[in-house]
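Visitor: quick one, structure for this:
(2 chains)
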Amino acid sequence: GESVGLHLPTLSVQEGDNSIINCAYSNSASDYFIWYKQESGKGPQFIIDIRSNMDKRQGQRVTVLLNKTVKHLSLQIAATQPGDSAVYFCAEMYSSASKIIFGSGTRLSIRP
Amino acid sequence: EAGVAQSPRYKIIEKRQSVAFWCNPISGHATLYWYQQILGQGPKLLIQFQNNGVVDDSQLPKDRFSAERLKGVDSTLKIQPAKLEDSAVYLCASSLEGGAEAFFGQGTRLTVV
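Guide: As a prediction, the model looks like this:
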């Protein structure tokens, strides 16, 4: 069964503010944790990943934080834009099999 | 670079009929995934191929679902016979061997009536 889950099904953020999307996981054997973005009518799109031996990784306007003590993963989006509106999924991967397992998703909506 | 191609985009069938979906992954990607995404849920892994071999099919309902990846490139997913609960979007994805970045197609939306 799924071992990743998201705290909130929806998140509403003012345009220009930072967004924080959270995810809890239960399987400590995962090698990577990954964030995907899915826009309406499209397949998921890779945003960023983090190896299980790291605490933080930054990309363009995004930062992923991994807290292994409490098995918590977060995605921070800086200066949220209308184009960030989508459903965000956290996922985990086991390197030995390249198996990617998805959680249930958070819908991010942007207020003008 | 061409993305993952899937066809058809939409399909409506009656229950107990059969249906097939086709996927052409990104050239050079050894790993191919089929996911089922029911409305409002995250994608659920059905089957994973490494080249033309099955790595994981633990969540595939094998009494009605089958998949193959001939020559380690294109793949087809078949449902026979379909049930109402099979209504979902079927997503195909591919990645480099061992990569965390999977590239998804647009999916096939299946409606079973």
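
Visitor: could I get the CA-only coordinates of stretch A:58-76 as PDB?
Guide: Coordinates of each C-alpha in stretch A:58-76 appear next as PDB, following Å, rounded to 0.1, in the frame of the first residue of the first chain:
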ATOM      1  CA  GLN A  58      17.100  23.800  -4.000                       C
ATOM      2  CA  GLY A  59      16.000  24.300  -7.500                       C
ATOM      3  CA  GLN A  60      14.600  27.200  -9.400                       C
ATOM      4  CA  ARG A  61      12.100  28.900  -7.100                       C
ATOM      5  CA  VAL A  62      11.600  25.500  -5.300                       C
ATOM      6  CA  THR A  63      13.200  24.000  -2.200                       C
ATOM      7  CA  VAL A  64      12.600  20.500  -0.800                       C
ATOM      8  CA  LEU A  65      13.300  19.800   2.800                       C
ATOM      9  CA  LEU A  66      13.600  16.300   4.200                       C
ATOM     10  CA  ASN A  67      13.300  15.600   7.900                       C
ATOM     11  CA  LYS A  68      14.000  11.900   8.500                       C
ATOM     12  CA  THR A  69      13.500  12.100  12.200                       C
ATOM     13  CA  VAL A  70       9.800  12.800  11.800                       C
ATOM     14  CA  LYS A  71       9.500  11.300   8.300                       C
ATOM     15  CA  HIS A  72       8.400  14.600   6.800                       C
ATOM     16  CA  LEU A  73       8.900  16.100   3.400                       C
ATOM     17  CA  SER A  74       8.000  19.600   2.200                       C
ATOM     18  CA  LEU A  75       8.100  21.600  -1.000                       C
ATOM     19  CA  GLN A  76       8.500  25.300  -0.800                       C
END
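
Visitor: show me how far it is from its chain's centre.
Guide: Its chain's average C-alpha position is 8 Å from that of stretch A:58-76, according to C-alpha atoms, centre = their mean, to the nearest Å.

Visitor: could you do stretch B:33-42 as well?
Guide: Between the mean C-alpha location of stretch B:33-42 and the chain-wide mean there is a distance of 10 Å, by C-alpha atoms, centre = their mean.

Visitor: tell me how many other residues crowd the closest residue to chain B within chain A.
Guide: With C-beta to the nearest C-beta as the measure, residue A:43 is the residue of chain A nearest to chain B, at 2.9 Å. The way it works is simple: take the backbone N, C-alpha and C, and place the C-beta from them, glycine included. As a burial measure, residue A:43 scores 23 neighbours (other C-beta atoms under 10 Å in any protein chain shown).
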